[in-house]
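Asks: Predicted structure and sequence below. I'll ask about it afterward.
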There are 6 protein chains.
Amino acid sequence: MNHFVHDKGLCESTDIGAGTRIWAFAHVLPGARIGADCNVCDNVYVENDVVVGDRVTIKCGVQLWDGVRLADDVFVGPNVTFTNDPFPRSKAYPEKFAQTVVGPGASLGANCTILPGVTIGRRAMVGAGAVVTKDVPPNAIVVGNPARIVGYVDAGGGEPDTESAVAGVLPASRVPGVELLELTRADDLRGSLVAANFEQDLPFVPRRFFTVFGVPSTDVRGAHAHRKCHQMLVCVQGSVNAVVDDGRSRQEFVLDRPDVGLHMAPMIWGTQYRYSADAVLLVLASDPYDADDYIRDHDTFLAETAHRERVGA
Amino acid sequence: MNHFVHDKGLCESTDIGAGTRIWAFAHVLPGARIGADCNVCDNVYVENDVVVGDRVTIKCGVQLWDGVRLADDVFVGPNVTFTNDPFPRSKAYPEKFAQTVVGPGASLGANCTILPGVTIGRRAMVGAGAVVTKDVPPNAIVVGNPARIVGYVDAGGGEPDTESAVAGVLPASRVPGVELLELTRADDLRGSLVAANFEQDLPFVPRRFFTVFGVPSTDVRGAHAHRKCHQMLVCVQGSVNAVVDDGRSRQEFVLDRPDVGLHMAPMIWGTQYRYSADAVLLVLASDPYDADDYIRDHDTFLAETAHRERVGA
Amino acid sequence: MNHFVHDKGLCESTDIGAGTRIWAFAHVLPGARIGADCNVCDNVYVENDVVVGDRVTIKCGVQLWDGVRLADDVFVGPNVTFTNDPFPRSKAYPEKFAQTVVGPGASLGANCTILPGVTIGRRAMVGAGAVVTKDVPPNAIVVGNPARIVGYVDAGGGEPDTESAVAGVLPASRVPGVELLELTRADDLRGSLVAANFEQDLPFVPRRFFTVFGVPSTDVRGAHAHRKCHQMLVCVQGSVNAVVDDGRSRQEFVLDRPDVGLHMAPMIWGTQYRYSADAVLLVLASDPYDADDYIRDHDTFLAETAHRERVGA
Amino acid sequence: MNHFVHDKGLCESTDIGAGTRIWAFAHVLPGARIGADCNVCDNVYVENDVVVGDRVTIKCGVQLWDGVRLADDVFVGPNVTFTNDPFPRSKAYPEKFAQTVVGPGASLGANCTILPGVTIGRRAMVGAGAVVTKDVPPNAIVVGNPARIVGYVDAGGGEPDTESAVAGVLPASRVPGVELLELTRADDLRGSLVAANFEQDLPFVPRRFFTVFGVPSTDVRGAHAHRKCHQMLVCVQGSVNAVVDDGRSRQEFVLDRPDVGLHMAPMIWGTQYRYSADAVLLVLASDPYDADDYIRDHDTFLAETAHRERVGA
Amino acid sequence: MNHFVHDKGLCESTDIGAGTRIWAFAHVLPGARIGADCNVCDNVYVENDVVVGDRVTIKCGVQLWDGVRLADDVFVGPNVTFTNDPFPRSKAYPEKFAQTVVGPGASLGANCTILPGVTIGRRAMVGAGAVVTKDVPPNAIVVGNPARIVGYVDAGGGEPDTESAVAGVLPASRVPGVELLELTRADDLRGSLVAANFEQDLPFVPRRFFTVFGVPSTDVRGAHAHRKCHQMLVCVQGSVNAVVDDGRSRQEFVLDRPDVGLHMAPMIWGTQYRYSADAVLLVLASDPYDADDYIRDHDTFLAETAHRERVGA
Amino acid sequence: MNHFVHDKGLCESTDIGAGTRIWAFAHVLPGARIGADCNVCDNVYVENDVVVGDRVTIKCGVQLWDGVRLADDVFVGPNVTFTNDPFPRSKAYPEKFAQTVVGPGASLGANCTILPGVTIGRRAMVGAGAVVTKDVPPNAIVVGNPARIVGYVDAGGGEPDTESAVAGVLPASRVPGVELLELTRADDLRGSLVAANFEQDLPFVPRRFFTVFGVPSTDVRGAHAHRKCHQMLVCVQGSVNAVVDDGRSRQEFVLDRPDVGLHMAPMIWGTQYRYSADAVLLVLASDPYDADDYIRDHDTFLAETAHRERVGA
């Protein structure tokens, strides 16, 4: 055996990876599978039908119930609490326990609670003390009870670009394929008007429009990429946060002016969230609706961008 | 002389049309020009620099000051009060009196007040007791102090098409070249989405968009026609009243659903008013902006539609 | 002839009552009927189909058009403007002019405007400069453009009973058959409760309830009396003004506490107005609905109360 | 001994029921009383003055402090945290520890926190991560920090009867003795009116009314049954959720129309909650107030309904 | 006689000043006093107890009732309607008619209505169609029904100093003795703070403060000058318009920033109006309260400033 | 060794004070320093770089990570969860762990979560289940997720002085050097005015003012004492809670009337919190701003008050 078990710990499983350490008062049941180089701290309890990847940290006071799946590089903070039965009653068991999946590189903050059946996306970050009741998208940061998205990892969302704002200058894009456009605007006593001639003023010719509105403010819309379609987002009323991601870098913009368009070229993963109550998002798209043009799975998106890069696309 | 002056009336002008009657205690100064078949009632006073068309009715207690111009078929109710100096002081005279113009067929309701320099459009209707502080567009109905537009003559605005509304059916257009389109809409717990593919779903292919917002609710936007350009109006937030007019008939629509588009073909005079505070109007247009394509004067519009009709356009 | 016409006035009617005076620059057309002891001031104009009662005052600058009917003791202020065509166009006449009726003892304030077809109730008071667009109930005071009811004559509405309010004491009723009842109320952290046992706590046993809500605040509800039915009004949310009237005296109460009931015995004319936007009025009635129990005409009500008094009812 | 203690567990009490299992790193102090067929998981800690019923599940990481009382069939999720001192200071002890009581069949979700002295009702359900600061009524579901009632077990509250709502049809009652009544309603431009004649329109003749208002929206009002009294609830403003329960089945109605009455016959346990801020609930009752007619304890209610059933009442 | 009467006019008074003209269908009763160089137009009616100053213009259709007093240089527009009985009933006369006073140089716009007993201040301007129900301060401009102050003559109120506003620069004072001060302000995430050390930062040392709040937005507060006291006004919440006047020039400031103080030296007539609903005005004064330091009458103020000027104060 | 370790506990540190007890399944790592008379309960885990004072209680299920510092007399409730890395990722370690400091006598309620780097002030009280994301001031009581201040220990904040409120009497101060002053107030239809002459009406002569506004309602402003400066606080709009503290006793006032001033003599520790959204606090101070006059550290304040007492100041 290439793993370590503290002499006050108890490991009944034989499926433990090399370099993994199991500490005092921890208890791993038979059948549990734990990868290599993991750290299972004091007072952790692992049931039978559990699968843990490599390089996972599980801090003190955590239980992994039947049905929990932790991918590689997951961090589980102290006293994090998993569940596997949405409506528990003593001595009443569901036919099958709900499966909880935590994606690669995700972190679960101290003392957070994960409701049954939830999926936590790749590299998402759950804040300490949060109560997670719904799926968490890749890279999202969630906090509170119930947990709400407050930002995206590495997107600079929490840090408004104050200097630009003060100067009235649009922030520069750090993500290739993305840019902010200032549209022609005229204000007078009769009201305001924003306009664009398609051929002259836009980086592509739209062939479709749609509007999004009535979004509960905590909800995420978008969260997909297009293979061929360009989009321009204009928040014509209210405000919305837009995160753009080309698979390598990520940036967050607050769209809160009706005369600013956000152009996203193909193969940009776009996420919109924090809709204000009155937000109306106008989207102009370069192509008619085509379901096959959508990439809705972030891992597929990462694979395709990596492939394109390799083949020089 | 083919006109009549009551023996207790006083007419010092010689420029009075045939069939016109001037009644008791009325007083017309030298130089005033009054057309044929007019009725100038008791206690009316007409200054020198005044021009009145044919078939005009001027009820009791009205004064027409220097600078007033009444076109043919105007009705002036009792005690209607004109003005010609925006900031009157005793014994202080402006260099030139403001000119007040009342268009053909317009009616001024009893006891209304018309501020200096105002133009009242063709067949407009000013409500009794109104105080008119701004120009009144053709066919508009205005009431109150200050006067606000509440509808358009013959447009059915005051009479919502209740039957349609109850049944959830879009009202039928009575104006050729105009139609309401129901756009694809999807509502779910994450919010709502309205979409249109340009080639498939719209009666023309847009090459420009603009949005109108922040309109003070009593103001009119639009009020013009296009010679060649098609437009589709979608009120993506709030509500706005749209009046359409092909020169022969007129109809008013309340645009208050984000999934309804109002298509206006070329040579439709369109007026939008009664913007709700949060209204955002999205307009898709078939052509890039071209100042020469706009007809901004209603009389020109009527002339062009009449001409097109004669030549069979 | 027992009436007087100024030598600069012009009276073409022969149907003028004794003691009536017609002043300079006034003009009465043939057929007009004017009662006794009236005063028709300078610059007044009276058309043919007009009927004026006794003791009526018509100040300068007023016109009475075909269809105007003024009852006895009416006061018409200077420059008051009547109308008889709701949608006037020059040389276009309605089949029949709208009739405007002003009830006995009513007063029309200076420079007010009366729209066609309106009825002004007995002893109502129209404020100076008002524009009256709807019928005015008996005794109501209206002001503004458009005119709104702001009180009732002799009902003390404009004068809140401040002393009582400060002391938290219910105001005493001055109208026999009317009283305010304080209902049992319990407030605690869980909310508030108001209750009444019918037999013990109310002056009659209810056999019907109704609620009134969603009343545009300027509108009047009620305005009728019952011959046999008792009512108790409780404003369970918001506030409403209630005027009570036994045919001799009148009083106005502001109902704005959910624990106060207003009991109205039979033969009390009750009017409710100034509903706040959120007002909900609960009414408990001593009898099932019976259309014959309602007196909806104020003159009938006055006649019946006078009769009851004579016969000692 | 008919119970099991893991060899890494530590049980110092002798009062453990048959079939109960105590697992690794669990520690039960002397004097603690635990019933039969319980499951005491890893890392659980049980103090001396604790009483646990039969068939109770206590998941990992839980401590039961002096003063905790768990009835039969209780489920305690992982890392659930009890307390027994409302204002703890190190080395300062209250005279007596607060007692926390969890009723039969209740479940405490993972990682929830229970404040000292709280009582959790029979079969109530505390959501994962909730912080319970007040008593929880029988069958209530609570979530959040602080915990609020969001529904009732088996009452269908979370699932609005969409089909009925769309069709404008009142939902059918599934609880005998309960029905929804549509009251006569008249809407016109002057506002709305809802009415009922007592003898004709209601299933009982009211002899009392009360109104409830100003309820903080998270609070519960009602929560009792009557032995003889009928009630009709009308939410005349705003909305309120009403749960009815005849001891066998339970149903939840949203009362949000002023023209709908909810009739509850005697021996229906009624609970009202989720009052909107502006809610006003009108209740008509068949009998004057009588304290002896109220059943305020749910267990008593269950006993009486069971008895009535047995004797065929 | 040095005045003119049209041969269709009727003048029964002998107290008419030189150069005054009385036109057709006008009627002046015995006892009326009219000054020199006045113009009394067609259809004007003047009762007995009326006093009119010099250089007054009275346009057509106006009546001056017993009790009306017009100072020199007043302008009365066409169809302006005066009143002298607040609650008129036919044949019922008040003991004494209310007196209406119009100050020197004031103008009454066309068709406005003046309620009984009102005083219109020196050089005030009443808008066309207004209904004046309360006294109008000197130089105020009022419009609407009921009339509200919308600005002050020559104070530039209607013309915000846009250039300054855009640049964030305080507008310069054009009135000697008045200046705007920018106070030290610190904003951070914890909120905002505005501060001033009395000796260092203010042009005088305060010895008194007062706050003004809860002002109905149409009301005027202030409207007085101090003989010795300095004042600094800071609008710490909301906004208020402040007009300053040194007897020669006048200027209007919008105080809407909590970090701007308006210093008014002694002998500045200050008027504050257009309080926003939430406005709180903090005033620091250089002296304790002293009733004798107030000049509350604008004419007295003008006399004192003229005197100070003459004596070189 | 004068401390106790349960035979199922594990203590690898030698730096444990006399009288301290370490219980079953607890684990203390080498290097950890724990004072005297502490209680380290079951399942507690203490890392190496941890310092714990005397008389500290650490209930079950708690981990003390590297960087945690607990002063004397701290209470740590069951399952309380500390953290030391604001953005944890598995196998990625910060250069230095964030230090969490808990002041003397503070209590951390059951199952609360403490974010990295937070300081909890002396005798503060963290509610059960709270998630503490910011520093907690001395004596503050915080609850919720995220935690907000809801009161101050021993300040009577949660218990409004109802009797005084009902009688309209200002509550009496229990803290020497503090008093509430009722300022002169005048209300009339034109609005309200509150005034004070400095010499006559205030207990000191102000030489500075500042206003505080725009405070997010959960934030604390103030929280300092002055050595020489007097202050008077007037909440001129909205409301704010003010806690005063002379080092021995503490009292909380709700300032919600614009005519009440709170006088704080020198050496009073003042804290303001619970600002309403519209709150504007006016402060008059006896001295110009002087940074050296501020005591911003509560421990320094306690030391200085103790010193002054000793020397009889």
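Replies: Yes, it's here. Source: prediction; values computed, not measured.
Asks: I figured residue A:123 was touching residue A:102, is that so?
Replies: No. Residue A:123 sits out of contact with residue A:102 when judged by Cβ atoms under 8 Å, with a separation of 10.7 Å. Just so you know, the C-beta spots here come from the backbone N, C-alpha and C atoms, and that holds for glycine as well.
Asks: Among the two, which residue is more densely surrounded?
Replies: Here residue A:123 and residue A:102 are set side by side on neighbour count (other Cβ atoms under 10 Å in any protein chain shown), and the busier one is residue A:102, at 28 against 20.
Asks: Touching, the more buried one and residue A:108? I think so.
Replies: Yes. Between residue A:102 and residue A:108 there is a contact at 6.9 Å, judged by Cβ under 8 Å.
Asks: which residues are common contacts for those two?
Replies: Common contact partners of residue A:102 and residue A:108 (Cβ atoms under 8 Å, 6 or more residues apart in numbering or on different chains): A:74, A:76, A:120.
Asks: The last one pairs with what?
Replies: Beta-bridge pairing of residue A:120 under DSSP bridges involves residue A:102, residue A:136.
Asks: measure it to chain E for me?
Replies: Relative to chain E, residue A:120 is positioned 30 Å away (criterion: Cβ to the nearest Cβ, to the nearest Å).
Asks: tell me the contacts of residue A:29?
Replies: Contacts here follow Cβ under 8 Å, 6+ apart; on that basis residue A:29 touches A:12-13, A:46-48.
Asks: Distance-wise, check it relative to residue A:284.
Replies: According to Cβ to Cβ, to the nearest Å, residue A:29 and residue A:284 sit 56 Å apart.
Asks: Find the closest residue to chain C in the stretch 1-150 of chain A.
Replies: Using Cβ to the nearest Cβ, the closest approach of the stretch 1-150 of chain A to chain C is made by residue A:145 at 24.1 Å.
Asks: Leaving out sequence neighbours, find the closest residue to that residue.
Replies: In space, residue A:145 comes closest to residue A:131 once its chain neighbours are excluded; the distance is 4.2 Å by Cβ to Cβ, 6 or more residues apart in numbering or on different chains.
Asks: shouldn't that neighbour be in contact with residue A:109?
Replies: No. Here residue A:131 does not reach residue A:109: they are 11.3 Å apart, not a contact under Cβ under 8 Å.
Asks: and the two? which has more neighbours close in?
Replies: Taking residue A:131 and residue A:109 together and counting by other Cβ under 10 Å, residue A:131 has the greater number of neighbours (31 against 28).
Asks: Give the bridge partners for the more buried one, please.
Replies: residue A:113.
Asks: check contacts around it.
Replies: Contacts here follow Cβ under 8 Å, 6+ apart; on that basis residue A:131 touches A:112-113, A:115, A:144-147, D:111, D:128-129, D:145.
Asks: likewise residue A:181?
Replies: Contacts of residue A:181 were listed using Cβ under 8 Å, 6+ apart, and they are A:201-203, A:232, A:260-263.
Asks: From the residues you listed, which land in helices?
Replies: Using DSSP state H, the subset of those located in helices is residue A:201.
Asks: Using a markdown table, lay out the contacts of residue A:181 together with distance to residue F:137 and neighbour count.
Replies: Below are these laid out as a markdown table (distance: Cβ to Cβ, whole Å; neighbours: other Cβ atoms under 10 Å in any protein chain shown):
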| residue | distance to residue F:137 | neighbour count |
| --- | --- | --- |
| A:201 | 54 | 15 |
| A:202 | 54 | 20 |
| A:203 | 53 | 12 |
| A:232 | 48 | 23 |
| A:260 | 41 | 19 |
| A:261 | 46 | 25 |
| A:262 | 42 | 25 |
| A:263 | 48 | 20 |
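Asks: Any chance of CSV for the contacts of residue A:181, columns pLDDT and distance to residue F:84?
Replies: Converted to CSV, the contacts of residue A:181 look like this (pLDDT from 0 to 100; distance: Cβ to Cβ, whole Å):
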residue, pLDDT, distance to residue F:84
A:201, 91, 52
A:202, 92, 50
A:203, 92, 47
A:232, 95, 45
A:260, 93, 41
A:261, 94, 44
A:262, 95, 38
A:263, 95, 43
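Asks: Could you single out the nearest of the contacts of residue A:181 to residue E:136?
Replies: The shortest gap between residue E:136 and any of the contacts of residue A:181 belongs to residue A:260, at 47.5 Å (Cβ to Cβ).
Asks: For residue A:215, see how far away the closest one is.
Replies: Computed as Cβ to Cβ, the residue A:260 to residue A:215 distance reads 19 Å.
Asks: If you rank the shared contacts of residue A:102 and residue A:108 by neighbours, which is first?
Replies: Neighbour count (other Cβ under 10 Å) singles out residue A:76 as the most crowded of the shared contacts of residue A:102 and residue A:108, with 31 neighbours.
Asks: Surely it touches residue A:58?
Replies: Yes. Contact between residue A:76 and residue A:58 holds when scored by Cβ under 8 Å: they sit 4.6 Å apart.
Asks: how many other residues sit next to residue A:180?
Replies: Under the neighbour criterion other Cβ under 10 Å, residue A:180 is assigned a count of 18.
Asks: swap that for residue A:9, sorry
Replies: Residue A:9, neighbours per other Cβ under 10 Å, totals 22.
Asks: Relative to residue A:107, how far out is it?
Replies: Using Cβ to Cβ, we find residue A:9 at a distance of 24 Å from residue A:107.
Asks: What of residue A:131?
Replies: When distance is defined by Cβ to Cβ, residue A:131 is 16 Å away from residue A:107.
Asks: Could you do residue A:115 as well?
Replies: Relative to residue A:107, residue A:115 is positioned 18 Å away (criterion: Cβ to Cβ).
Asks: neighbour count winner among those two?
Replies: Summary of the neighbour comparison: residue A:115 and residue A:107, criterion other Cβ under 10 Å, with residue A:107 having more neighbours (27 against 23).
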